[in-house]
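1. Here is a sequence together with a model predicted from it:
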Amino acid sequence: MKKSKIITLTAFFASAIAILSSCSIKQVQYSKRTVSVSGTGTVEVEADNATIVLSVVTTAKEATLAAENNAKKMTAVTEAITALAVPKENISTQNYSIYQEQSSSGGKIIYGDYRVSNEIKIFLKDKNLASSVIDASIKAGANRLSSLNFGITDADLYVKQARTLAVQQAFESATLIAGTSGAMLGNALQINEEYSSRAFPKAAVRNAYAETMDASYSTPISGGKSSISVTVNAVYELK
């Protein structure tokens, strides 16, 4: 009987040891303390270039005559523009079309004159030339002004400036929060960027005709200002 108890206890302890050896201790990893902030940098930029789109439109009873008249006027327009120190490579054809005007009366189609339109785009590195180019073009024979847009030559430079301001603002906010809460600011763990740009105001344009233009006046042009903004969302470690 005594011998049997010893065997039973031995078997019990062996089982207990086997159970304990199969268990493992799991350590919980707590995440680092962090602070999330954002910063926005905005730079006001003044336009330095301009793009003009204008046309020469001519009509005649015959298509060849309308095309010849158009070619003469467009040649004069191009020469007037290049005389203002605008390189020829900055002048490009946007659209060229020839069609016969039509109308209807009593269910019948009435064919009219042939209309030729030659549209060109002029890129000006100096926006201040826009007024002179428009005036010279109209006097030379251009009779339709479709659009006038302004832009920035080196936009990347201003984006970098806005980005620097945004990161500085985010860092200052994180430093303030960390100091106020009794912690120290650590490394930046994550930074995301959002970029936006407010377009320059478009100049109001309308069809212009050389016959109605007074030579004593020049077209007033103002490029205005635009803003480039960069926003960063950052996560910093707290120590």
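-> On my side now, so go ahead.

2. which one's the longest strand in this structure?
-> In the chain, taking DSSP state E as the definition, the longest strand is strand 108-124.

3. And the average pLDDT for stretch 109-124 is what?
-> Averaging pLDDT along stretch 109-124 yields 96.

4. Spit out the contact partners of residue 100.
-> The contact partners of residue 100, taken as Cβ atoms under 8 Å, 6 or more residues apart in numbering, are 63, 111-115. Bear in mind the C-beta positions are built from the backbone N, C-alpha and C, glycine included.

5. Same check on residue 54?
-> By Cβ under 8 Å, 6+ apart, the contact set of residue 54 is 77, 119-120, 122, 134, 137, 142, 144-146.

6. Most neighbours among those residues, which one?
-> Most neighbours among these, by other Cβ atoms under 10 Å: residue 142, with 29 neighbours.

7. where's it relative to residue 134, distance?
-> Noted for residue 142: a distance of 8 Å to residue 134, by Cβ to Cβ, to the nearest Å.

8. One more: residue 128?
-> For residue 128, the distance to residue 134 equals 12 Å [Cβ to Cβ].

9. do residue 181 as well
-> For residue 181, the distance to residue 134 - Cβ to Cβ - is 60 Å.

10. give me the number of residues near the closest residue to residue 152 other than its chain neighbours?
-> Nearest residue to residue 152 in three dimensions, chain neighbours excluded: residue 45, at 5.6 Å (Cβ to Cβ, 6 or more residues apart in numbering). Here the number of neighbours of residue 45 (other Cβ under 10 Å) works out to 21.

11. List the buried residues in the host helix or strand of residue 45.
-> Using DSSP states H and E, the element containing residue 45 is strand 34-46. Going by neighbour count (16 or more other Cβ atoms under 10 Å), the buried part of strand 34-46 is 35, 37, 39, 41-43, 45.

12. Over to stretch 69-78?
-> 69-70, 73-74, 76-78.

13. what does stretch 97-113 give?
-> By 16+ other Cβ under 10 Å, stretch 97-113 has no buried positions at all.

14. same deal with stretch 180-198?
-> By neighbour count with 16+ other Cβ under 10 Å, stretch 180-198 contains the buried residues 185-186, 188, 197.

15. all helices of this protein, in order?
-> Counting by DSSP state H, the chain has helices at residues 2-21, 63-82, 130-140, 155-180.

16. Out of those, which gets nearest to residue 56?
-> helix 63-82 (4.7 Å; Cβ to Cβ).

17. Remind me what the closest one packs against, helices and strands.
-> For helix 63-82, the packing partners by 3 or more Cβ pairs under 8 Å, 6 or more residues apart in numbering; DSSP states H and E come out as strand 49-60, strand 91-105, strand 108-124, helix 130-140.

18. which residues touch residue 227?
-> Applying Cβ under 8 Å, 6+ apart to residue 227 gives the contacts 42-45, 197-198.

19. related to what we said a few turns ago, same list (the buried residues of strand 34-46) but as JSON lines, adding pLDDT and distance to residue 54.
-> Listed next are the buried residues of strand 34-46 as JSON lines, based on pLDDT from 0 to 100; distance: Cβ to Cβ, whole Å:
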{"residue": "35", "pLDDT": "94", "distance to residue 54": "56"}
{"residue": "37", "pLDDT": "97", "distance to residue 54": "50"}
{"residue": "39", "pLDDT": "96", "distance to residue 54": "44"}
{"residue": "41", "pLDDT": "96", "distance to residue 54": "38"}
{"residue": "42", "pLDDT": "95", "distance to residue 54": "34"}
{"residue": "43", "pLDDT": "94", "distance to residue 54": "32"}
{"residue": "45", "pLDDT": "92", "distance to residue 54": "26"}
